[in-house]
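Asker: Kindly generate the corresponding structure for this input.
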Amino acid sequence: MSDAVVDLLRQAFDAAVASAQPQVCVPPFIPAAPKGRLIVVGAGKASAAMARAVEWHAPCAVSGLVVTRYGHAVDCDHIEIVQAAHPVPDEAGMQAAERMLQMVQGLSADDVVLCLISGGGSALLPLPMPGISLADKQAISRALLRCGANIGEINTVRRHLSAIKGGRLAAACAPAQVVSLLISDVPGDKPIDIASGPTVGDPSTCADALAIVQRYGIDMPPVALACLQSGQGESVKPDDPRLQRNTVHIVSSPQMALEVAARLIEQAGLRAHILSDAIEGEARDVGQVMAAIAVQVAERGQPFQAPCVLLSGGETTVTVTGDGRGGRNVEFLLSFGVATQGHPRIHALAADTDGIDGQEETAGAYWTPQSMARAHALGLNPMAELDRNNGHGFFEALGQQVGDGPTRTNVNDFRAIYIA
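Answerer: Residues are numbered from 1 along each chain as shown. Predicted coordinates:
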């Protein structure tokens, strides 16, 4: 029984990822040939694959530059692909961001800039405000990733310390038309939070960013703190006239991917229930809540009747306190498994649709009713491994990992819970 269930959950995950592949979702939104040039820029884990989709389907000649994460590149003929570091930025990303801004200077109203944005773009376009060094930016990134702030809060800080995000890239393109194609990886699909919104106006302020820094006690380099306190880092606002000719399309999103997974599950004869595409919070806390819901379904038939599959997406966070090999999906799953205590009718899978959970070249893992007993037989204490933030180490030992590297798309976390 477990093998068949795990296979079904894997198929649902694969279907969700396939639906978000750029060759599927990008072509319908490629603009018509302009009177002038069609220039392609962009950043994110899916941006290289998006660029190739544009090359294959564009109605005219294209040129440009996109930045993707190391290991996520694909071959393009006319659009340059640069690889850079994620989630902590590096020199390659900063140089690419500088070149990108230079590339869109001096355009005319007859030109179109096609901007390809996906999750991960914030770290891949690390061009700090004047006076802030790359080392400062790296230190801030590490602090933000470890403090427990949600993605909206993290990106608010990023936008106000950046020379390219928060609408600044689009403003630099004026008077050219800007068409942005976004693959969303953020709860709520807010364009300003996808790669920190390089081509959309930003309603948040330096004061908002400063409040987040203070709320989480983030130790900021003095020059960065001064940038926020002085208002020097204020972003481009939605009513800025330089953004008048901007169009934004979300071409794929967590909700779209979950709906595809739900259809596959229902075709297999099971009821599928999408709980939310935008769940946030500490991964281990979300795991405990989801476990309680799964047990309620199994034991009480509430709020759904078993057999069924509960689907959800979003982006949880991990406040790192241990020394293990972790990621938010395996952190969720290990917490979930501990809370269900080997319930005989509950299976689960949690994985990142980009194929990389945390720093590991694997998307996530799965849990079965036998996982707890198997762990104990191997001498593993699941709660102790959770306290170490060692989800990847735990599931690797069990041989229950999912995925083997980059998928070249990114619609955030995918969770599927089967209750027999």
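Asker: all strands for the stretch 251-400 of the chain, in order.
Answerer: Using DSSP state E, counting those that start in this stretch, the strands of the stretch 251-400 of the chain run over residues 271-279, 308-314, 346-352, 364-367.
Asker: ok, now the stretch 101-250 of the chain?
Answerer: Ranges of strands in the stretch 101-250 of the chain, per DSSP E, counting those that start in this stretch, are 112-118, 177-183, 246-252.
Asker: What residues does His86 make contact with?
Answerer: 45, 69-70, 120, 123-124 (Cβ atoms under 8 Å, 6 or more residues apart in numbering). Yep, even glycine has a C-beta here, placed from its N, CA and C like the rest.
Asker: cool, and Gln177?
Answerer: By Cβ under 8 Å, 6+ apart, Gln177 lies in contact with 34, 109, 111-113, 245-247.
Asker: By neighbours, which of the contacts of His86 wins?
Answerer: Neighbour counts for the contacts of His86, by other Cβ atoms under 10 Å, peak at Leu124, which reaches 33 neighbours.
Asker: tell me the contacts of it?
Answerer: Contact partners of Leu124, counting by Cβ under 8 Å, 6+ apart, are 43-44, 47, 67-69, 84-86, 89, 93, 96, 195.
Asker: Then Ala268?
Answerer: Leu8 are the contacts of Ala268 under Cβ under 8 Å, 6+ apart.
Asker: And for Leu107?
Answerer: 36-37, 39, 113, 173-176.
Asker: now, the most widely separated pair of these?
Answerer: Taking Cβ to Cβ as the measure, the contacts of Leu107 span a maximum distance of 14.9 Å, between Arg37 and Ala174.
Asker: per-domain residue ranges of the protein.
Answerer: The chain is divided into the following domains under automatic domain parsing: 2-16+255-419, 31-252.
Asker: Start and end of the last one, how far apart?
Answerer: The one in question is domain 31-252. Terminal residues of domain 31-252 lie 17 Å apart, using Cα to Cα, to the nearest Å.
Asker: before we move on, what about stretch 228-237?
Answerer: Note: stretch 228-237 ends 16 Å apart using Cα to Cα.
Asker: what's the answer for stretch 364-372, then?
Answerer: From its first residue to its last, stretch 364-372 covers 17 Å (Cα to Cα).
Asker: which residues touch it?
Answerer: Stretch 364-372 is contacted from outside by 2, 5-6, 9-10, 327, 329-330, 333, 336-337, 340-352, 357, 382, 391-392, 395, 398, 400-403, 414, using Cβ under 8 Å, 6+ apart.
Asker: The contacts of Gln177 into JSON lines, with extra columns for distance to Gly322, pLDDT and neighbour count?
Answerer: Shown next, in JSON lines, are the contacts of Gln177 (distance: Cβ to Cβ, whole Å; pLDDT from 0 to 100; neighbours: other Cβ atoms under 10 Å):
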{"residue": "Pro34", "distance to Gly322": "53", "pLDDT": "98", "neighbour count": "20"}
{"residue": "Ala109", "distance to Gly322": "55", "pLDDT": "98", "neighbour count": "13"}
{"residue": "Asp111", "distance to Gly322": "51", "pLDDT": "98", "neighbour count": "19"}
{"residue": "Val112", "distance to Gly322": "49", "pLDDT": "98", "neighbour count": "25"}
{"residue": "Val113", "distance to Gly322": "44", "pLDDT": "98", "neighbour count": "28"}
{"residue": "Arg245", "distance to Gly322": "49", "pLDDT": "96", "neighbour count": "17"}
{"residue": "Asn246", "distance to Gly322": "44", "pLDDT": "97", "neighbour count": "22"}
{"residue": "Thr247", "distance to Gly322": "45", "pLDDT": "97", "neighbour count": "13"}
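Asker: of those, closest to Asp387?
Answerer: Closest approach between those and Asp387, by Cβ to Cβ: Asn246, at 46.7 Å.
Asker: Distance of that closest one relative to Glu91?
Answerer: To Glu91, Asn246 is 30 Å away according to Cβ to Cβ, to the nearest Å.
Asker: picking up where we left off before, save the strands of the stretch 251-400 of the chain as TSV, and put in mean pLDDT, mean neighbour count and distance to Arg374 too.
Answerer: As requested, these are exported to TSV (pLDDT from 0 to 100; neighbours: other Cβ atoms under 10 Å; distance: least, Cβ to Cβ, whole Å):
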stretch	mean pLDDT	mean neighbour count	distance to Arg374
strand 271-279	97	17	28
strand 308-314	97	23	23
strand 346-352	98	29	14
strand 364-367	98	28	11
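Asker: Export these as CSV, with columns for distance to Ser19.
Answerer: Below are those laid out as CSV (distance: least, Cβ to Cβ, whole Å):
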stretch, distance to Ser19
strand 271-279, 13
strand 308-314, 13
strand 346-352, 15
strand 364-367, 18
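Asker: And those strands: which comes nearest Gly301?
Answerer: Of the strands of the stretch 251-400 of the chain, nearest to Gly301 by Cβ to Cβ is strand 308-314, at 10.1 Å.
Asker: Quick one: work out the angle between that closest one and strand 346-352.
Answerer: 20 degrees (axes from the mean of the first three to the mean of the last three Cα atoms, to 10 degrees).
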